[in-house]
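1. Just a sequence and a predicted model for now, questions to come.
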Amino acid sequence: MFYKKEQIIKALSDIIFFPKSNNIIALNMVENIEIKGNIINISIGFPKLDDPAINIVKNASIKAIKDKVDKNAEVNITAVVETKQGSLSGIKNIIAVASGKGGVGKSMVAANLAIALQKSGAKVGLLDADIYGPSIPIMFNLENERPSVIEKNGKTLIVPIKKYGISVLSIGFFVEPEKALIWRGPMASKALNQLFNDTDWGKLDYLIVDLPPGTGDIPLTLVQSYPITGVIVVTTPQQVAISDVRKAANMFQQEQIKIPMLGLIENMSYFTPAELPNNKYYIFGEGTGKQFAESLNIPFLGQIPLVQNISESGDSGSPVTLNNDLPVTKVFIKLAENLKKQTEK
């Protein structure tokens, strides 16, 4: 009997990979289908080869093909370590920037880290995945911009907007800035999947992803569905912020998720007046972020001062790291260097 790949794909689209809450076709887990007469050889990619769900998926896949294609088919399923596919195949590192609560400067850190990495010679993309509060369009002065689309291999893809040498994409490009985004979790997760999978990212050394705060659907969808290199968590020195960040860090370290923690960045660590650039006033306490990183057993990437230039530059659509003359720019350059070292490990 002659089988078609479309028949196989349709049968496999009912197989759910429960750790990622979606079917193996939608998750791009099926890496190869080879048909030789009545023999069907299939390679399915998994995050790790000791995943307890492998046998469940393999058995369910064989049964689905025999039930829906041909009961006499000889089906061989091989589990392999997943590889990046589609629009993500040209991206070397996907770095998520997370926080336990809003207001700690997570988006500001993501934006300036992207620029600092680009200054180091890397090809960088920035994805604003903060579905309910996208702020990257403001920080890059792109509020009224809309990305274009292209056709590639029969698929319509979004083209990120190029600004300051960064490939930028945000959900904010597709919604009205003044209106609240009233989406339930599944809708938000679907939108995130489209920003990842339906975008022509090209070749990038780093894709920086600005996550929404907390441990809800969006961070969970991201870490369960995509090959994340690692996560950076951002906090401020106050105990209330650290308490929430601990929950976020613990989520990424759960056994069923287990995403590498590249490090912690402490924002608003100290106040430095413009007229006294060498002075540091630790108004929220000193050494809290470093101690917190040590308690989580993750690297401490560095501190960002509380200075007027940061907020002013972000509001004006020109992130502070673009200005080589400001002392705080050196801070972000150093943070980017520390991030690169952790990524290389």
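-> Cool, got the structure. Numbering: from 1, shown residues only.

2. so how many other residues sit close to the closest residue to residue 97 other than its chain neighbours?
-> Using CB to CB, 6 or more residues apart in numbering and skipping residues adjacent in sequence, the residue nearest residue 97 is residue 110, 4.3 Å away. In short, each C-beta sits where N, CA and C put it, glycine included. Residue 110 is flanked by 28 other residues according to other CB atoms under 10 Å.

3. May I see the buried residues of the one helix or strand residue 110 maps to?
-> Using DSSP states H and E, residue 110 sits within helix 106-119. Neighbour-count burial for helix 106-119 flags 106-119 (criterion: 16 or more other CB atoms under 10 Å).

4. Beyond it, next helix or strand please.
-> strand 124-128.

5. residues in contact with the next helix or strand along the chain from that next one?
-> Using DSSP H and E, the next helix or strand after strand 124-128 towards the C-terminus is helix 136-139. Outside helix 136-139, the residues that touch it by CB atoms under 8 Å, 6 or more residues apart in numbering are 107-108, 110-111, 126, 128, 130, 142-143, 145, 168, 170, 172-173, 177, 210, 314-315, 317, 319.

6. do stretch 289-302 as well
-> Defining contact as CB under 8 Å, 6+ apart, one finds that stretch 289-302 is touched by 232-233, 235, 237, 242, 245-246, 249, 261-266, 269, 303, 331, 334-335, 338-339, 342.

7. ok, of those residues, which come out buried?
-> The neighbour count (16+ other CB under 10 Å) marks 232-233, 235, 237, 242, 245-246, 249, 261-266, 269, 303, 331, 335, 338-339, 342 as buried among the contacts of stretch 289-302.

8. ok, residue 171 touching residue 131?
-> Yes. Under the criterion of CB atoms under 8 Å, residue 171 makes contact with residue 131 at 5.4 Å.

9. how would you label residue 312: helix, strand or coil?
-> Of the three states, residue 312 takes helix under DSSP: H, G, I helix; E, B strand; the rest coil.

10. now it: how far from residue 139?
-> 12 Å (CB to CB, to the nearest Å).

11. Of those two, which one has the most company?
-> With neighbours defined as other CB under 10 Å, residue 312 and residue 139 compare such that residue 139 has more, 27 against 11.

12. quick one: pLDDT of the more buried one?
-> For residue 139, the model assigns a pLDDT of 94.

13. One more: residue 230?
-> Looking at residue 230, the pLDDT reads 91.

14. Now do the contacts for it.
-> 93, 95-96, 259-262, 342-343.

15. Any idea what it is bridged to?
-> Beta-bridge partners for residue 230, by DSSP bridges, are residue 95.
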